[in-house]
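> Sequence and predicted structure are below.
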Amino acid sequence: MKWENALKDYCHYLRIERGLSANSIENYSLDILKLIKFLEANNIRISPLHISEETLQQFVYETAKTLNARSQARIISGLRGFFNFLIFEDYRKDNPLDLVESPKIGRKLPETISTEEIDEIIAAIDLSKNEGERNRAIIETLYGCGLRVSELIDLKISGLFFEEGFIKVTGKGDKQRFVPISEYTRKYISIYRNEVRVHQEVEKSSSDTLFLNRRGKKLTRAMIFTIVRRLAEKAGIHKKISPHTFRHSFATHLLENGADLRAIQQMMGHESITTTEIYMHVDRSHLRQVMEEFHPRR
């Protein structure tokens, strides 16, 4: 059995049984291909199906020279999952990474921006241009609903339930959830739909997609990153801002204003509450406020 066939089966498993997105599957595949390139570069004529613990330790040592601890830990985790799959499918009998330790990494706190900085970014949008209203609606939706980039570009017109005050979002693993949408955000989406999008020629495959590029096609992840980066630069904000910054700010600002952590978890589509709990570390003052308000000996 060639390792290429095993990799193909693994990707099929990640897509069908794990329900992972195309981006996640591509990242897992790239981790495995990095191992293959390492074997080729060092003239190690052995398949990943038969690779030894010693060879993998050598690979880990080499990656440590060029990658930070977080990236190195991610590769080790991805490869460990691949070898576990090989065991499950009887490609091999053991996991050569069982005794290989991942580097210790601290928990990275998300970057956030203030409401004033968000207003400055929105103010930097040139509404005289055709894409101006679209970009304002994009920023308002990222921040107002706490969406991931992939969720934003996949947002459907048929998923807008404005009368009920919700939008239907397709998250990781094609899991769908309903996210509340404020009147403020609804207003700018409606302006974009009724004053800009309605006049566009739309490609048939994108007819139900909300946010479109100039050619009437679905926007790419890279384009959303470019829009956000350029607006931040224009607004004179020197923080490292990405579309995900608005999602982090959405959760942090809700928590600061007293929102329940479980509610934030549901809105953001986190599978585990421990993922949402990272926002407790962003603003520890919330913990003190909860204690002062609710503890009987406050």
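Cool, got the structure. Residues are numbered from 1 along each chain as shown.

> how far away is residue 160 from residue 137?
Note on residue 160: its distance to residue 137, by CB to CB, to the nearest Å, is 12 Å. To be clear about C-beta, it is placed using only N, CA and C from the backbone, and glycine gets the same treatment.

> Pull up the overlap in contacts between those two.
residue 189 (CB atoms under 8 Å, 6 or more residues apart in numbering).

> between those two, who's got more neighbours?
Per other CB atoms under 10 Å, whichever of residue 160 and residue 137 has more neighbours is residue 137, with 25 against 18.

> what about residue 44, is that helix, strand or coil?
State at residue 44, reduced to three classes by DSSP: H, G, I helix; E, B strand; the rest coil: coil.

> Can you give me every residue that contacts it?
Going by CB under 8 Å, 6+ apart, residue 44 touches 38, 55.

> State the phi and psi torsions of it.
The phi/psi pair for residue 44 (degrees, to the nearest 10) reads phi -100, psi 100.

> Could you double-check that residue 200 lies in contact with residue 217?
No: Residue 200 is beyond contact range of residue 217, at 10.1 Å (criterion: CB atoms under 8 Å).

> For the stretch 51-200 of the chain, give me the ranges with low pLDDT.
Within the stretch 51-200 of the chain, the ranges that satisfy pLDDT under 70 run 103-110.

> hey, where'd the helices end up in it?
When assigned using DSSP state H, counting those that start in this stretch, the helices of the stretch 51-200 of the chain occupy the ranges 53-66, 69-88, 115-123, 132-145, 149-153, 183-195.

> The third one vs helix 132-145, what angle?
Going back to what we said before, that points to helix 115-123. Helix 115-123 runs at 160 degrees relative to helix 132-145, counting by axes from the mean of the first three to the mean of the last three CA atoms, to 10 degrees.

> Same question for helix 115-123: list its buried residues.
For helix 115-123, a neighbour-count test (16 or more other CB atoms under 10 Å) marks 117, 118, 120, 121, 122 as buried.

> Return the list of helices and strands in contact with it.
Contacts defined by 3 or more CB pairs under 8 Å, 6 or more residues apart in numbering; DSSP states H and E place helix 115-123 against helix 132-145, helix 221-234, helix 243-256.

> Give me the residues contacting the first one.
Right, helix 132-145. Here helix 132-145 makes contact (CB under 8 Å, 6+ apart) with 118, 121-122, 125-127, 147, 152, 155, 167, 169, 179-182, 184-185, 188-189, 191-192, 195-197, 211-212, 224, 227-228, 231, 243, 246-247, 249-250, 267.

> And the buried ones among the residues you listed, selectable in ChimeraX?
Buried subset of the contacts of helix 132-145, written as a ChimeraX selection, criterion 16+ other CB under 10 Å:
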select :118,121,122,125,147,152,155,167,169,179,181,185,188,189,191,192,196,197,211,212,224,227,228,231,243,246,247,249,250,267
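
> how long is stretch 58-76 end to end?
Distance between the two ends of stretch 58-76: 12 Å, counting by CA to CA, to the nearest Å.

> Can you give me the buried ones in it?
So for stretch 58-76, counting by 16+ other CB under 10 Å, buried means 59, 60, 63, 72, 73, 74, 75, 76.

> for stretch 20-32, same thing?
Buried-residue list, stretch 20-32, by 16+ other CB under 10 Å: 20, 21, 24, 25, 28, 29, 31, 32.

> can you put the residues you listed in JSON lines and add distance to residue 6 and pLDDT?
Listed next are the buried residues of stretch 20-32 as JSON lines, based on distance: CB to CB, whole Å; pLDDT from 0 to 100:
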{"residue": "20", "distance to residue 6": "17", "pLDDT": "79"}
{"residue": "21", "distance to residue 6": "21", "pLDDT": "80"}
{"residue": "24", "distance to residue 6": "18", "pLDDT": "84"}
{"residue": "25", "distance to residue 6": "15", "pLDDT": "87"}
{"residue": "28", "distance to residue 6": "13", "pLDDT": "87"}
{"residue": "29", "distance to residue 6": "12", "pLDDT": "88"}
{"residue": "31", "distance to residue 6": "14", "pLDDT": "86"}
{"residue": "32", "distance to residue 6": "9", "pLDDT": "87"}
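
> Specify which member of these is nearest to residue 84.
residue 28 (12.2 Å; CB to CB).

> And the helix or strand containing the closest one, how far out from the chain middle?
Assigned by DSSP states H and E, residue 28 falls within helix 22-41. Distance of helix 22-41 from the chain centroid (CA atoms, centre = their mean, to the nearest Å) equals 20 Å.
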